[in-house]
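Colleague: Okay, sequence plus prediction incoming.
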Amino acid sequence: MAESSGRLLVGTAKGAFLLELNGSGWSIDGPHFSGRSVYAMMLDRRAGRNRIWAAATSWHFGAELVFSDDGGKTWDMPEEMRIKFPEDTEKSLENIWQITAGAEDDTLYVGVAPAAIFESHDNGATWALNRGLWEHPHCKEWTPGFGGLAVHTIVTDNEDPNSLKIAISTGGVYQSANKGESWNVTNKGVKAYFLPDPYPEFGQCVHKIVRHPHDKDTFFLQNHHGVYRSRDGATTWEEIENGLPSNFGFGITATENGNVFIVPLKADGERFTCEGKLRVYRSGDEGDTWEPLTKGLPQENAYEVILRDAMDSAGDEVYFGTKNGKLFGSRDNGDSWEMIQGSLPEINCVKAY
């Protein structure tokens with residue numbers, strides 16, 4: 001991760017907002033794509049670019065992948081959808097959940113519902129379905145989670161362009177060592193308590209995975225009831241739940257100094273903050289222990305929900321948004337928090353740079 005430049009991309013149920021920190025505080029620009037749900041955004045600064053990507057979904061027009069090269073003043077809205085399932089799949093695009101930069105300057109990956117990956121190797125000019133994943137023998141057995149059947153997380157490796165790791169709801173963690181030509185399932189140790197076999201090969205409802213900023217073999221995973229760590233490149237997993245009020249939640253992030261942050265929620269049937277207290281939990285020892293962080297956060301009647309892509313970090317700063325439209329940030333590694341915005345539409349994603 002690079003040092004934060006004080007820029008946030010915020011996707012909501014009613015459009016996208018661009019925020020920037022300056023001498024007088026946070027400025028906010030938006031909504032862009034007013035009325036459309038934005039579940040994924042990304043700022044691409046590779047090769048001298050300053051391109052913002054966004055996925056704007058209309059229940060009438062469908063999901064569109066758009067970009068801006070001038071800080072959101074204008075947007076390239078295609079006449080035809082950039083992301084389309086080939087006719088032989090007999091599927092249509094439902095939603096775009098993730099936009100991720102590849103290790104190579106012109107490579108981009110998009111995770112979508114129904115569960116699939118599209119890739120571009122010409123900076124988004126053309127896109128193709130990743131057939132290796134789409135034709136995987138497990139594909140027909142994946143089932144939708146509460147939010148649908150989706151590839152919602154894609155983790156790339158700047159040192160190894162062949163390496164891809166993904167999370168599917170509900171399929172679990174898969175990874176490729178050959179740029180997506182083939183995929184291996186890597187869910188060993190992750191529990192699916194709702195299945196007859198609680199430790200199946202696949203079928204886990206993984207909510208988010210993130211990589212340690214310095215140790216490329218260490219990963220953290222927030223599951224549907226379970227918080228895990230992997231020391232072997234997201235291949236096998238161990239529970240790291242001690243000290244948490246709940247093992248259910250969605251977002252998870254790791255900062256430049258190696259701290260891990262999550263916001264536990266109360267069970268899958270209720271899905272709001274435990275005890276009505278908005279507490280961020282931080283681990284400074286890679287999940288062995290956790291401490292609650294509350295300074296600046298409401299501790300009474302704070303029944304908030306933080307979605308899987310609504311928490312992010314840049315440098316040692318941490319940001320998250322809630323379904324109630326509140327946007328919080330910490331610029332001191334979680335020791336204290338401020339509410340940056342308090343009345344946005346429902347926040348789907350937060351990206352910090």
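Modeller: Sure, I can see it.
Colleague: Would it be right to say that residue 83 lies in a helix?
Modeller: No. Using DSSP: H, G, I helix; E, B strand; the rest coil, the secondary structure at residue 83 is coil, not a helix.
Colleague: Now do the contacts for it.
Modeller: Contact analysis of residue 83 by CB atoms under 8 Å, 6 or more residues apart in numbering lists 63, 65, 93, 96, 110, 112, 118, 127. (Glycine included, C-beta is placed from N, CA and C.)
Colleague: again, but for residue 344
Modeller: Here residue 344 is in contact with 10, 12, 17, 321, 325, 326, 327 (CB under 8 Å, 6+ apart).
Colleague: In strands only, show me the contacts of residue 83.
Modeller: Under the assignment DSSP state E, those contribute 63, 65, 96, 110, 112, 118 to strands.
Colleague: Return the member of those residues nearest to residue 298.
Modeller: Nearest to residue 298 among those, counting by CB to CB, is residue 96 at 32.2 Å.
Colleague: Please name the nearest non-neighbouring residue to residue 128.
Modeller: residue 119 (6.0 Å; CB to CB, 6 or more residues apart in numbering).
Colleague: I'd assumed residue 131 was in contact with the one you found.
Modeller: No. Taking contacts as CB atoms under 8 Å, residue 119 lies outside contact range of residue 131: 10.3 Å.
Colleague: Just want the most central residue of the protein.
Modeller: For the chain, the residue sitting closest to the mean C-alpha position, by CA atoms, centre = their mean, is residue 309 at 3.5 Å.
Colleague: Tell me which residues touch it, please.
Modeller: With contacts defined as CB under 8 Å, 6+ apart, the neighbours of residue 309 are 11, 39, 40, 97, 98, 152, 208, 251, 348, 349, 350.
Colleague: go with 6 Å
Modeller: residue 349 (CB atoms under 6 Å, 6 or more residues apart in numbering).
Colleague: beta partners of it?
Modeller: residue 349 (DSSP bridges).
Colleague: Let me see the confidence value for it.
Modeller: Per-residue confidence (pLDDT) for residue 309: 98.
Colleague: and if you look at residue 267?
Modeller: Value listed for residue 267 in the pLDDT field: 88.
Colleague: do the one 5 residues further on as well
Modeller: In the predicted model, residue 272 carries a pLDDT score of 97.
Colleague: and the closest residue to it other than its chain neighbours, how far is that from residue 276?
Modeller: Using CB to CB, 6+ apart and skipping the chain neighbours, the partner closest in space to residue 272 is residue 303 (4.2 Å). Shown here: residue 303 relative to residue 276, a distance of 5 Å by CB to CB, to the nearest Å.
Colleague: Count the residues that sit near the residue nearest to residue 128.
Modeller: Using other CB atoms under 10 Å, residue 119 has 19 other residues around it.
Colleague: Just to check, it is in contact with residue 111?
Modeller: No. Using CB atoms under 6 Å, residue 119 makes no contact with residue 111, being 10.4 Å away.
Colleague: shouldn't residue 341 be in contact with residue 327?
Modeller: Yes. With contact defined as CB under 6 Å, residue 341 and residue 327 form a contacting pair (4.3 Å).
Colleague: More neighbours: the two, which one.
Modeller: residue 327 (25 against 18).
Colleague: show me what contacts the more buried one?
Modeller: 321, 340, 341.
Colleague: Which of the residues you listed fall in strands?
Modeller: Per DSSP E, the subset of the contacts of residue 327 in strands is 321, 340, 341.
Colleague: Let's have the residues you listed in TSV, adding pLDDT and distance to residue 192.
Modeller: Formatted as TSV, the ones in strands among the contacts of residue 327 follow (pLDDT from 0 to 100; distance: CB to CB, whole Å):
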residue	pLDDT	distance to residue 192
321	98	28
340	98	36
341	98	36
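Colleague: where along the stretch 101-250 of the chain do the strands fall?
Modeller: Here the stretch 101-250 of the chain has its strands, by DSSP state E, counting those that start in this stretch, at 108-113, 116-120, 128-129, 150-156, 164-169, 172-176, 184-185, 206-211, 219-223, 226-230, 238-239.
Colleague: Residue 34 is nearest to which of those strands?
Modeller: Going by CB to CB, the one of those nearest residue 34 is strand 108-113, 22.8 Å.
Colleague: Now do the closest one, average pLDDT.
Modeller: Averaged across strand 108-113, pLDDT comes to 98.
Colleague: CA atoms only: put that strand into CSV for me.
Modeller: Extracted C-alpha coordinates of strand 108-113, given in CSV (Å, rounded to 0.1, in the frame of the first residue of the first chain):
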residue,chain,number,x,y,z
LEU,A,108,-7.9,-5.5,-15.3
TYR,A,109,-10.2,-8.0,-13.7
VAL,A,110,-13.9,-7.7,-12.9
GLY,A,111,-15.9,-10.0,-10.6
VAL,A,112,-19.6,-10.3,-11.4
ALA,A,113,-22.8,-12.1,-10.7
